[in-house]
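Asker: next input, structure requested:
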Amino acid sequence: MAIESMEMSLIIKGEKISIERLGELSNYGKVKEYHKGQRISKVIPEFEEEVFIFSQSLTNNYENGICEFLNIINEKIPPINLLEDKNNFKIRLYIQTFEAQLKIDISHRIINLLNQSNIDFEISILSWGEVEE
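Answerer: Numbers count the residues shown, from 1 in each chain. Model (predicted):
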């Protein structure tokens, strides 16, 4: 598999995000915060709400990395708090590849950890590849 980069992220959007409670995640990966009205690029509009992103880069042995990431989420962010905050939570697997076709195995182990998190999951793929003849 010719993967250029792979990353798991927890993305939280809302009016009021408890950064104090989430700050400890910076011990385990990259943390970014964006504030309502903030602009980060000429092509991206101002943020309409607060955004918090916790992410980790993955290697080609992505199953263990995904499981490690989900274990951190499940331990540091108890599901009951998700309901109280009324924020939009999402877990995203981002893959950038040079291949036109990509196969990713989502094991039972990963599915069980996703179920424990009770957070929506999405996969985002950017492919620079072409089909070989």
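
Asker: report the residue spans of this protein with pLDDT below the cut-off.
Answerer: Counting by pLDDT under 70, the chain contains low-confidence ranges at 1-2, 18-21, 78-85, 129-133.

Asker: ok, longest helix in this structure?
Answerer: Secondary structure of the chain per DSSP state H: the longest helix is helix 62-76.

Asker: how about that helix: buried residues?
Answerer: For helix 62-76, the neighbour count (16 or more other C-beta atoms under 10 Å) marks 62, 65-66, 69-70, 72-74 as buried. Quick note: C-beta positions are derived from backbone N, CA and C, even for glycine.

Asker: state the pair within these that is farthest apart.
Answerer: Distance extremes for these: the farthest pair is 62 and 74 at 17.9 Å, using C-beta to C-beta.

Asker: what about residue 13, how many residues nearby?
Answerer: 17 (other C-beta atoms under 10 Å).

Asker: give me the secondary structure label for it.
Answerer: Following DSSP: H, G, I helix; E, B strand; the rest coil, we place residue 13 in the strand state.

Asker: now the nearest residue to it once chain neighbours are set aside: how far from residue 109?
Answerer: Distance criterion C-beta to C-beta, 6 or more residues apart in numbering; nearest residue to residue 13, sequence neighbours excluded, is residue 88 at 4.5 Å. Applying C-beta to C-beta, to the nearest Å, the value for residue 88 to residue 109 is 26 Å.
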